[in-house]
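In: Compute the structure for the input listed below.
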Amino acid sequence: MRKEKYITLAHGNGGRFMRSLIEDIFSRHLKNPHLDVQTDAVILPKLDGDFVFSVDGFTVQPLEFPGGDIGSLAVHGTVNDLAVSGAKPLYLSLSAIIEEGLEFDKLEQYVKSIADAAKQAGVVVVTGDTKVVPKGFGGGVYFTTSGIGEQLANCKLGMNQIRVGDKIIISGSVGDHGTCVMLAREEFGLKGDLKSDSACVLPVTEILMKFKGLHFMRDPTRGGLATVAHEIAVGCNFSVRLLEENIPVKLPVRSVCEMLGYDPYYLACEGRVVAFVSADEAEQAVDALQQHANSRDAVIIGEVEAGNPNVILQTEFGGERVLEELEDDPLPRIC
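Out: Below is the predicted model of the structure:
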């Protein structure tokens with residue numbers, strides 16, 4: 001039975017304490033046929049098709065929030081990047097930078113969240129690395145995950161596939177994660193029961209991939225929906241029109257934004273997909289998405305138009321306003 005309560009610098013020195021940390025927590029929760037904690041690399045089976053590779057780092061305060069924690073977030077973030085690229089996620093690597101003084105029980109909770117999220121997404125953690133930094137030099141724990149997936153057959157997604165007239169689909173409400181994390185900090189005296197949308201989007205992308213008219217997908221994380229729209233406008237040299245009355249925003253998110261002066265279209269999501277689909281298949285794609293629990297609120301929220309590369313929000317009252325490109329963080333950094 002472990003006697004220590006907190007992580008110490010000795011747990012990152014490469015010796016007995018570090019070996020015990022890896023075996024007692026990481027290896028125990030992430031155990032799978034590919035994970036060998038005694039080697040520095042892993043040999044993976046050859047893939048039949050092209051492979052897709054992604055990497056992302058995760059810092060969030062607080063480390064836990066309604067609907068998830070930094071562990072599940074680290075898996076969802078990388079798995080989702082692979083999924084919206086048209087790949088089936090298969091393998092993850094995990095790097096953990098742990099701050100001296102973090103409770104063992106908390107670390108174990110986050111690693112268990114990683115294991116549970118990976119299992120749900122159908123991926124395995126096959127290799128990793130652990131470092132411990134002195135107290136005051138970290139935010140409790142930081143995770144970095146790299147992911148490898150297999151490109152699905154006949155997948156030709158890309159900004160260069162987007163055409164004028166394409167409809168823009170969102171798989172669910174926007175701004176949930178950003179607002180949830182903000183409320184969890186209790187910095188503004190606000191509380192609520194809103195949960196983060198952090199989740200694996202693979203079930204959503206698998207539905208969308210069945211449609212030949214699917215041209216591009218992106219998950220609206222930092223910078224939210226508005227930033228994805230700007231990436232498309234600039235990358236394709238088209239105008240993007242969003243319909244305010246169609247964009248799903250939950251009442252708690254809208255209320256917090258109105259009180260604090262934030263815009264929900266710039267707030268992070270961690271379990272949503274923005275898809276660009278040809279006009280002739282967009283309604284069918286939405287109908288298919290609405291049959292799945294992860295995307296019952298899917299809806300068409302806009303269209304790609306010819307014109308200067310701007311993002312235009314058509315308001316509920318019939319007016320228009322330009323959504324400017326994000327330059328400053330709309331709220332304290334959340335990831």
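In: for Ile97, helix, strand, or coil?
Out: At Ile97 the chain is in strand, as set by DSSP: H, G, I helix; E, B strand; the rest coil.
In: so the closest residue to it other than its chain neighbours, which of the three states?
Out: With sequence-adjacent residues excluded and distances taken as C-beta to C-beta, 6 or more residues apart in numbering, Ile97 is closest to Tyr142, at 4.4 Å. The way it works is simple: take the backbone N, C-alpha and C, and place the C-beta from them, glycine included. Put simply, Tyr142 is strand when judged by three-state DSSP.
In: Gly158: neighbouring residues, count only.
Out: Residue crowding around Gly158 was assessed by other C-beta atoms under 10 Å; the count is 12.
In: Return the distance of it relative to Gly77.
Out: Distance of Gly158 to Gly77, given as C-beta to C-beta, to the nearest Å: 21 Å.
In: cool, and Val234?
Out: For Val234, the distance to Gly77 - C-beta to C-beta - is 23 Å.
In: can you give me the helices in the chain?
Out: For the chain, the helices defined by DSSP state H cover 16-21, 28-30, 70-83, 104-121, 176-185, 202-208, 224-236, 251-260, 279-289.
In: Near Pro203, how many residues? Count them for me, please.
Out: Neighbours of Pro203 using other C-beta under 10 Å come to 16.
In: before we move on, what about Ser95?
Out: Neighbour tally, Ser95, other C-beta under 10 Å: 17.
In: How about Gly319?
Out: Residues near Gly319, counting by other C-beta under 10 Å: 9.
In: Would you reformat the helices of the chain as a markdown table and include mean pLDDT?
Out: Output for these, formatted as a markdown table (pLDDT from 0 to 100):
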| stretch | mean pLDDT |
| --- | --- |
| helix 16-21 | 86 |
| helix 28-30 | 90 |
| helix 70-83 | 97 |
| helix 104-121 | 97 |
| helix 176-185 | 91 |
| helix 202-208 | 96 |
| helix 224-236 | 95 |
| helix 251-260 | 92 |
| helix 279-289 | 98 |
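In: deepest of those, which one?
Out: Scoring the helices of the chain by mean neighbour count under mean count of other C-beta atoms under 10 Å gives helix 70-83 as the most buried, with a mean of 28.
In: what packs against that helix?
Out: When contacts are defined as 3 or more C-beta pairs under 8 Å, 6 or more residues apart in numbering; DSSP states H and E, helix 70-83 sits against strand 51-58, strand 87-99, helix 104-121, strand 141-151, helix 202-208.
In: quick one, which of those is nearest to Val253?
Out: helix 202-208 (19.8 Å; C-beta to C-beta).
In: what stretches of the chain score poorly on pLDDT?
Out: For the chain, applying pLDDT under 70 flags the ranges 1-2, 328-335.
In: one more time with 50
Out: In the predicted model, the chain carries pLDDT under 50 at residues 332.
In: Can you pull the domain assignment for it?
Out: 9-151, 159-322 (automatic domain parsing).
In: residue contacts, the spatially closest residue to Ala298 that is not a sequence neighbour?
Out: Spatial nearest neighbour of Ala298, excluding adjacent residues (C-beta to C-beta, 6+ apart): Leu289 at 3.6 Å. Counting by C-beta atoms under 8 Å, 6 or more residues apart in numbering, Leu289 touches 169, 171, 204, 207-208, 295-296, 298.
In: May I ask which two of those are separated the most?
Out: Largest pairwise distance in the contacts of Leu289, by C-beta to C-beta, is 14.8 Å, between Leu208 and Arg296.
In: how far away is Val286 from Glu325?
Out: To Glu325, Val286 is 28 Å away according to C-beta to C-beta.
In: try Lys156
Out: 28 Å.
In: The two: who's more crowded?
Out: Glu325 (16 against 10).
In: Now that one: closest residue in space that isn't a chain neighbour?
Out: His230 (4.8 Å).
In: Looks like that neighbour contacts Ile312 (just checking).
Out: No: using C-beta atoms under 8 Å, His230 makes no contact with Ile312, being 11.4 Å away.
In: Now for the two: what residues contact both?
Out: In contact with both His230 and Ile312: 240, 323, using C-beta under 8 Å, 6+ apart.
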